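Asks: Structure, please.
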Amino acid sequence: MTVGIHWFRRDLRLRDNTALARAAAAAERLVPLFILDDAILGRRDTGASRVRFLLGCVEALAAALAERGSRLVILRGDPVDVLVQVARNTGATTVHWNKDYEPFARSRDTRVSEALSAAGIRSFAWKDQVLFEESEILTGQRRPYTVFTPYSRAWRAQKTTAPGGVPPLPPLPDGLDLPVVPLPDATTLGFASAATLPTPGEDAAHARLAQFATNALADYAEERDIPGHAGTSGLSPYLRFGAISIRTVHAAAAGRSLGARTFTTELAWRDFYQQILFHHPNVERQAFKPAMRALAWENDRGLFAAWQRGETGYPIVDAAMRQLRATGWMHNRCRMIVASFLTKDLLIDWRWGERHFMRELVDGDLAANNGGWQWAASTGTDAQPWFRIFNPVSQGEKFDPAGDYVRRWVPELADVGNRWIHHPWDLPPAEATTARLALGRTYPERVVLHAERRPRALAMYGATRSST
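Replies: The predicted structure is shown next:
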């Protein structure tokens, strides 16, 4: 009787799960396995919100398997040791998993494959996390793209695979006897967090997709940049942990409307950054553009701390940073604004911001987070031009014109009128009294002046050009 193992990682679902379907089809008995990996739990960029959401997704997955007469085996340790031991204890001859493209994961999976092979156990890694992986979309010279627009055209020209359902699950091996680890809570693991997170799990992911497709997809192109409106999908945490498949999301958004095309372009960016990370793993620690590695960042720790706390004196920046702390999530437009502010107003290394985001974000994904930060800092592939510097006041006025977003997250400004909400320092004294605003006491003074910092940023970036 053939026994197989499916190793759940960033695919915490039953529906449309490539490796799970392959494992189920190839074995008469199946061990669904999740491993709490201390190497991941111990990383400096592993954040409490993400661990909490992960554990919630694992709990939901365990319940879904139990409903189908199976059981999720949860163990803790080094996957190399755990997988070999489980295979030996159960008589499994195959192990299936879905690919992960991050450098750490690729190194780990190589070690796992080698250890399993040495033990006489075959391993199979399947494409599942992306629509198109690193070598499926190449230039005419068979090289990876580094510019998004031609990549996206090639991406759209590819044929996608339709999502599948829940595969028939083979029963557990007879007499399964493994020392199952009870699923701990995040606090027990040392990840206390008070953030208000979305409901975890596969069912919640599908409900969120249905709500988005019905209520917001049609207007996505117009509404996606307005942080005070519910115009985005909210699916990024679920995609991060595979509580829903990228194929399911893409199929639900397929269409010729402007909203659908705009949304699927965001999915193309997701694949693009994954293949950039795969082919250029050095971006994890340095600028993609060699010239930008010489930027002379000022790295003022006091300014960085004010940015982290949401106390810069710029309302749209502070609102975004406080949303991140309270929810483990930030609106994408605001991610661009705060990243530009950190790098081009505060003149702080983009890697400081990238690490802070990874510790705070429930949807923190190395490829997307790194790509976004390097785009904003003008250090990455196909990034915004270095001389383009967001004005935090005009960005707030354009994308939060009524101040709804600012008032929600910066209650000190709740009574400031729309005219002044994004530059409260210009509020006339009588109106400031009425609004109960006292700069420096009820709300911070600006930590820097944008008009003064912009030329300093241009000089800093310009110096890299003159040195090449």
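
Asks: What is the longest strand of the chain by residue count?
Replies: For the chain, the strand that runs over the most residues, judged by DSSP state E, is strand 29-36.

Asks: which helices and strands does that strand pack with?
Replies: For strand 29-36, the packing partners by 3 or more Cβ pairs under 8 Å, 6 or more residues apart in numbering; DSSP states H and E come out as strand 3-8, helix 18-26, helix 48-67, strand 73-76, helix 79-90. For the C-beta atoms, the positions are set from N, CA and C on the backbone; glycine is no exception.

Asks: Which other helices and strands does the helix or strand that it is followed by contact?
Replies: Of the helices and strands lying after strand 29-36 in sequence (DSSP states H and E), the nearest is helix 38-41. Judged by 3+ Cβ pairs under 8 Å, 6+ apart, helix 38-41 is in contact with helix 103-118.

Asks: list the helices and strands the helix it packs on packs on?
Replies: helix 38-41, helix 79-90, strand 94-98, strand 122-126.

Asks: Could you rerun that using 7 Å?
Replies: On a contact count with 3 or more Cβ pairs under 7 Å, 6 or more residues apart in numbering; DSSP states H and E, helix 103-118 meets helix 79-90, strand 122-126.

Asks: between the longest one and helix 103-118, how many degrees?
Replies: Between helix 79-90 and helix 103-118, the angle formed by their directions is 30 degrees, by axes from the mean of the first three to the mean of the last three Cα atoms, to 10 degrees.

Asks: could you give the mean pLDDT of helix 79-90?
Replies: Average pLDDT, helix 79-90: 96.

Asks: Excluding chain neighbours, what is closest to Pro168?
Replies: Ala24 (6.4 Å; Cβ to Cβ, 6 or more residues apart in numbering).

Asks: and that neighbour, what does it touch?
Replies: The contact partners of Ala24, by Cβ atoms under 7 Å, 6 or more residues apart in numbering, come to Leu30, Pro167, Pro168, Leu169, Pro170.

Asks: Mind giving me the ChimeraX command for buried ones among those?
Replies: Buried residues within those, by 16 or more other Cβ atoms under 10 Å, are selected in ChimeraX with:
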select :30,167,169,170
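
Asks: Serialize the contacts of Ala24 to a markdown table and add fields for pLDDT and secondary structure.
Replies: Shown next, in a markdown table, are the contacts of Ala24 (pLDDT from 0 to 100; DSSP: H, G, I helix; E, B strand; the rest coil):
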| residue | pLDDT | secondary structure |
| --- | --- | --- |
| Leu30 | 97 | strand |
| Pro167 | 96 | coil |
| Pro168 | 96 | coil |
| Leu169 | 97 | coil |
| Pro170 | 97 | coil |
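
Asks: Now for Glu114, how many residues are close by?
Replies: Using other Cβ atoms under 10 Å, Glu114 is surrounded by 12 other residues.

Asks: try Gln158
Replies: 12.

Asks: Find the residue closest to it in space, skipping its chain neighbours.
Replies: Phe132 (5.6 Å).

Asks: isn't that neighbour right next to Asp271, touching?
Replies: Yes - contact between Phe132 and Asp271 holds when scored by Cβ atoms under 7 Å: they sit 5.5 Å apart.

Asks: Now do the residue lying closest to Ala195 once chain neighbours are set aside against Ala186, distance only.
Replies: Closest residue to Ala195 apart from its sequence neighbours, by Cβ to Cβ, 6+ apart: Gly328 at 4.2 Å. Noted for Gly328: a distance of 12 Å to Ala186, by Cβ to Cβ, to the nearest Å.

Asks: between those two, who's got more neighbours?
Replies: Under the neighbour definition other Cβ under 10 Å, Gly328 and Ala186 were set side by side, and Gly328 has more, 24 against 18.

Asks: In contact with that one, which residues?
Replies: By Cβ under 7 Å, 6+ apart, Gly328 lies in contact with Ser49, Ala195, Leu197, Glu360, Leu361, Val362.

Asks: Which among the residues you listed count as buried?
Replies: Looks like the contacts of Gly328 have Ser49, Ala195, Leu197, Glu360, Leu361, Val362 buried, using 16+ other Cβ under 10 Å.

Asks: residues touching the first one, list them.
Replies: Right, Ser49. Ser193, Ala195, Leu197, Gly328, Glu360, Leu361, Val362.

Asks: Between those, which sits nearest Asp318?
Replies: Glu360 (15.0 Å; Cβ to Cβ).

Asks: my read: that closest one touches Thr46, true?
Replies: No - Glu360 is beyond contact range of Thr46, at 11.3 Å (criterion: Cβ under 7 Å).

Asks: distance of the residue lying closest to Glu134 once chain neighbours are set aside from Glu397?
Replies: Of all residues not flanking Glu134 in the chain, Phe278 sits nearest, at 4.0 Å (Cβ to Cβ, 6+ apart). The span separating Phe278 from Glu397 equals 39 Å under the rule Cβ to Cβ.

Asks: how many neighbours does Asp16 have?
Replies: So Asp16, with other Cβ under 10 Å, has 23 neighbours.

Asks: Pretty sure it sits against Ile246.
Replies: No - using Cβ under 7 Å as the test, Asp16 is too far from Ile246 to be in contact (9.2 Å).

Asks: returning to that earlier point: show the model's pLDDT score for the residue nearest to Glu134.
Replies: At Phe278, the model reports a pLDDT of 97.

Asks: again, but for Ala39
Replies: pLDDT, read off for Ala39, is 95.

Asks: same question, Pro179
Replies: With respect to pLDDT, Pro179 has a value of 75.

Asks: which non-adjacent residue is nearest Thr265?
Replies: Nearest residue to Thr265 in three dimensions, chain neighbours excluded: Ser152, at 6.3 Å (Cβ to Cβ, 6+ apart).

Asks: Now the closest residue in space to Trp425 that isn't next to it in sequence, what are its backbone angles?
Replies: Closest residue in space to Trp425, ignoring its immediate chain neighbours: Leu439 at 6.1 Å, by Cβ to Cβ, 6+ apart. Backbone torsions of Leu439, given as degrees, to the nearest 10, read phi -60, psi 140.

Asks: and Leu439, what does it touch?
Replies: Counting by Cβ under 7 Å, 6+ apart, Leu439 touches Pro424, Trp425, Glu445.

Asks: what's the answer for Asp203, then?
Replies: Ala60.

Asks: List the buried residues for the helix or strand hosting it?
Replies: Applying DSSP H and E as the criterion places Asp203 in helix 202-215. Neighbour counts over helix 202-215 (16+ other Cβ under 10 Å) mark Glu202, Asp203, Ala204, Ala205, His206, Arg208, Leu209, Phe212, Ala213 as buried.

Asks: hang on, the earlier thing: next, the buried residues of the longest strand of the chain.
Replies: Arg29, Leu30, Val31, Pro32, Leu33, Phe34, Ile35, Leu36.

Asks: now these in TSV, with distance to Pro182?
Replies: Formatted as TSV, the buried residues of strand 29-36 follow (distance: Cβ to Cβ, whole Å):
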residue	distance to Pro182
Arg29	24
Leu30	22
Val31	18
Pro32	16
Leu33	15
Phe34	12
Ile35	14
Leu36	11
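
Asks: wait, which of those residues is closest to Thr434?
Replies: Closest approach to Thr434 among the buried residues of strand 29-36 (Cβ to Cβ): Leu36, at 54.7 Å.
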